[in-house]
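Student: sequence below, structure please.
(one chain, ligands or ions: 1)
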Amino acid sequence: MRIDVITCLPSLLESPFAHSILKRAQEKKIVELNVYDIRDYTLDKHKKIDDYAFGGEAGMVLMIEPIALLINKLKSERQYDEIIYMTPDGSQMNQSMVNQLSLLKNIIILCGHYKGVDQRVRDIFITKEISIGDYVLSGGELAAAVLTDAIIRLIPNVLSDETSALTDTFQDNLLAPPVYTRPANFEGNEVPDILLSGNHQKISEWLDNKAIERTKEKRPDLWEKVIKEM
Ligand code: 6GU
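Tutor: Residues are numbered from 1 along each chain as shown. A predicted model of the protein is given here:
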């Protein structure tokens, strides 16, 4: 899979893309991640990429020309399955959306900043608009990092068996059960006996029950979904 991220603040994405699972996925050539700086595509002699909004509202708007130049160049090189714009007024990201995106071959993720991008960028180029939740961030970069991480960890062979996405919270609408490691006794706080028993059948039943218990308690809304789908 290839993910091309377009931003006016590329350094905000450097660290999230350079560590842990995203780093290994790139090293293993399972994914190609590219970050494009909008400022490299302006034809303006002062490298201007934003301007005041028409109509007098406060705040700067990313201009269409550099973004159009860049997206058209990328589109001339390969076919894109989706061109996504990160915006708080987009559809709210969830695991099923991420599962679908993880099956694609080439995607562009455009990050807005300031007051966002000129509406005509959205009208002409964008095929999907995504928000990561009902709160406002200063820009789309952190949201793009969240989306990219969620997508890439689902691609086959990115995670090892040990970190398998199959046991993730949300993969079956259930929250993940509690986990413990050594020491078995910390200042009198003991790990549940069953986990030390070596009885895999019993352990697996216990974990399933804990996942259900947790979901009912912490996320009754998710539990309703589980019941409806049974
Ligand atoms: Cl995608 N962008 C911004 N700026 N704020 C957000 C968001 C995106 N999702 C939630 N809040």
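Student: buried residues, the helix or strand harbouring V98. List them.
Tutor: With elements delineated by DSSP states H and E, V98 resides in helix 95-101, which encompasses its position. If you call a residue buried by 16 or more other CB atoms under 10 Å, then helix 95-101 has these buried ones: 95, 97-98, 101. C-betas here are computed from N, CA, C, even on glycine.
Student: say whether the ligand is contacted by the longest strand seen in the chain.
Tutor: Taking DSSP state E as the assignment, the strand of the chain that covers the most residues is strand 82-92. Yes. Figure legend: strand 82-92 in contact with the ligand (CB under 6 Å from any ligand atom); contacting residues 86-88.
Student: average pLDDT for that strand?
Tutor: For strand 82-92, mean pLDDT rounds to 98.
Student: contacting residues around it?
Tutor: Contacts to strand 82-92, defined as CB atoms under 8 Å, 6 or more residues apart in numbering, come from residues 71, 97, 101, 104, 107-112, 116-117, 121-122, 125-137, 140, 143-144, 147.
Student: could you list which of those also contact the ligand?
Tutor: Taking CB under 6 Å from any ligand atom, the overlap between those and the neighbourhood of the ligand is 131-133, 135-137, 140, 143.
Student: of those residues, buried ones?
Tutor: When neighbours are counted using 16+ other CB under 10 Å, those contain these buried positions: 131-132, 137, 140, 143.
Student: show me the residues you listed that map onto helices.
Tutor: For those, membership in helices holds for A143, with DSSP state H as the criterion.
Student: let me see the ranges of the strands in this protein.
Tutor: Counting by DSSP E, the segments of the chain that form strands are 2-7, 32-37, 50-52, 60-62, 82-92, 106-111, 128-131, 185-186, 189-190.
Student: deepest of those, which one?
Tutor: Among the strands of the chain, the stretch with the highest mean neighbour count (mean count of other CB atoms under 10 Å) is strand 106-111, at a mean of 24.
Student: got the residues of this protein near the ligand?
Tutor: 86-88, 131-133, 135-137, 139-140, 143.
Student: which members of the residues you listed are the farthest-apart pair?
Tutor: Among the residues of the chain next to the ligand, the pair separated by the greatest distance (CB to CB) is G133 and G139, at 14.7 Å.
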